[in-house]
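Engineer: got a structure for you, letters missing:
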């Protein structure tokens, strides 16, 4: 498969961009075998079973949509926002030839397994969702046995794999982008103050890998727990070592960053001397106002695409979308575009992992053969309590490195 450069900008016309990208960047893809047995959607299907859930659309190509619609707590809120976004994508795509088979996994692996089995029995050629990592694992096992690909929404890269593709915001991408940008700006010696959580372990490993890949040096890494005394102690241990650093990686979210920032200030940290760096969890008004990290840089999807999407969503559903709603919008838009342009190979591995990628509401993205994704991310700066883009998200992801 030859690589075709991206031609469309990420803009308010994200749907048009996605359709155009599918036509442009996938036109060079071979119509031959996909490399994953059974992914050729021209293979005769068993007679579909009677539907046991909602459907959206009336097209010939059936796609399962597995979401935690009745999960406990916030899961159901996110799940229903994803469902609304999927409906919106289908309504905005001209003459989409899709039928979405909507399945509720209840936020459990058992529910996801049953939902995947139902969708495939009803003729689904592709599964979109689930959201939670254990559910992705369960649905993925069913899908692999039936030779059906999955586009899931978990950010846990451990559940990615061949045929199970994650359309999400993995923190590793944020780390790689901001460390890469800082290195380009001459930062070579890095320190880190990371939360002692599962998220902290992921970003710490990504941080060390990103620094090493660019020939930088890790001076010190300190970990903190979400307790003011523990934060103060970690900051006091860290600050003396910052004399040897020119950047400090602090991937703390809005629930801890204000208190952690105060602890850093009291320990003598000066952001004007050691550049603060973060991840997408900084993309929050409460983080933007923290004095200790003013001037800091972090990576995140460009906000213009989401803002445009959110405006249309608000108009249609009279409510604000969750931040992850664009994932379902992009997944369904992509499925509709591929169904239109790629014939029997529409959901084959070679098409889904096309190196040129696709353009969606959150910018350009592509799936790796190992199921993880690459995203075009912007670099933003915290400036006087505001969030300002200082390095735009790329429109072309460049050659694949993994």
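Structural biologist: Received it, and whenever you're ready, just let me know what you need. Because the structure is predicted, anything quoted here is derived from the model rather than measured.

Engineer: Please make it C-alpha for all contacts and neighbour counts, starting now.
Structural biologist: Fine.

Engineer: okay, and for the chain, where does confidence drop off?
Structural biologist: Across the chain, residues meeting the criterion (pLDDT under 70) sit at 1-52, 401-402.

Engineer: Now do the domain split for it, please.
Structural biologist: For the chain, automatic domain parsing gives the domain ranges 14-169+304-375, 172-300.

Engineer: Which of the ones you listed sits closest to residue 385?
Structural biologist: Put simply, out of the domains of the chain the one that sits nearest residue 385 is domain 172-300, at 4.2 Å, with distance taken as C-alpha to C-alpha.

Engineer: Figure out the length between the terminal residues of the closest one.
Structural biologist: Across its full length, domain 172-300 reaches 11 Å between end residues, using C-alpha to C-alpha, to the nearest Å.

Engineer: JSON lines please, covering the domains of the chain and showing distance to residue 382 and mean neighbour count.
Structural biologist: Rendered in JSON lines, the data for these read as follows (distance: least, C-alpha to C-alpha, whole Å; neighbours: other C-alpha atoms under 10 Å):
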{"stretch": "domain 14-169+304-375", "distance to residue 382": "17", "mean neighbour count": "21"}
{"stretch": "domain 172-300", "distance to residue 382": "5", "mean neighbour count": "20"}
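
Engineer: want to try TSV for those domains, with distance to residue 384 as columns?
Structural biologist: Supplementary listing: those in TSV, determined by distance: least, C-alpha to C-alpha, whole Å:
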stretch	distance to residue 384
domain 14-169+304-375	21
domain 172-300	7
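
Engineer: and residue 396, which of the ones you listed is closest to it?
Structural biologist: domain 14-169+304-375 (7.1 Å).

Engineer: Could I get the full set of helices for this protein?
Structural biologist: 14-26, 74-92, 109-121, 133-145, 171-184, 198-213, 228-238, 257-266, 285-288, 303-317, 325-341, 349-352 (DSSP state H).

Engineer: Mind putting the ones you listed into JSON lines with distance to residue 160?
Structural biologist: Rendered in JSON lines, the data for those read as follows (distance: least, C-alpha to C-alpha, whole Å):
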{"stretch": "helix 14-26", "distance to residue 160": "23"}
{"stretch": "helix 74-92", "distance to residue 160": "20"}
{"stretch": "helix 109-121", "distance to residue 160": "16"}
{"stretch": "helix 133-145", "distance to residue 160": "8"}
{"stretch": "helix 171-184", "distance to residue 160": "14"}
{"stretch": "helix 198-213", "distance to residue 160": "15"}
{"stretch": "helix 228-238", "distance to residue 160": "34"}
{"stretch": "helix 257-266", "distance to residue 160": "30"}
{"stretch": "helix 285-288", "distance to residue 160": "30"}
{"stretch": "helix 303-317", "distance to residue 160": "25"}
{"stretch": "helix 325-341", "distance to residue 160": "16"}
{"stretch": "helix 349-352", "distance to residue 160": "14"}
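
Engineer: My understanding was that residue 361 contacts residue 310; is that so?
Structural biologist: No. Counting by C-alpha atoms under 8 Å, residue 361 does not reach residue 310; the two are 10.0 Å apart.

Engineer: Check the gap between residue 133 and residue 124 for me.
Structural biologist: If you measure residue 133 against residue 124 using C-alpha to C-alpha, the figure is 21 Å.

Engineer: got it, and residue 74?
Structural biologist: 28 Å.

Engineer: didn't residue 267 look like it was pressed against residue 236?
Structural biologist: Yes. Taking C-alpha under 8 Å as the contact criterion, residue 267 and residue 236 are neighbours in contact, 5.4 Å apart.

Engineer: Pull up the overlap in contacts between those two.
Structural biologist: Shared contacts of residue 267 and residue 236 (C-alpha atoms under 8 Å, 6 or more residues apart in numbering): none.
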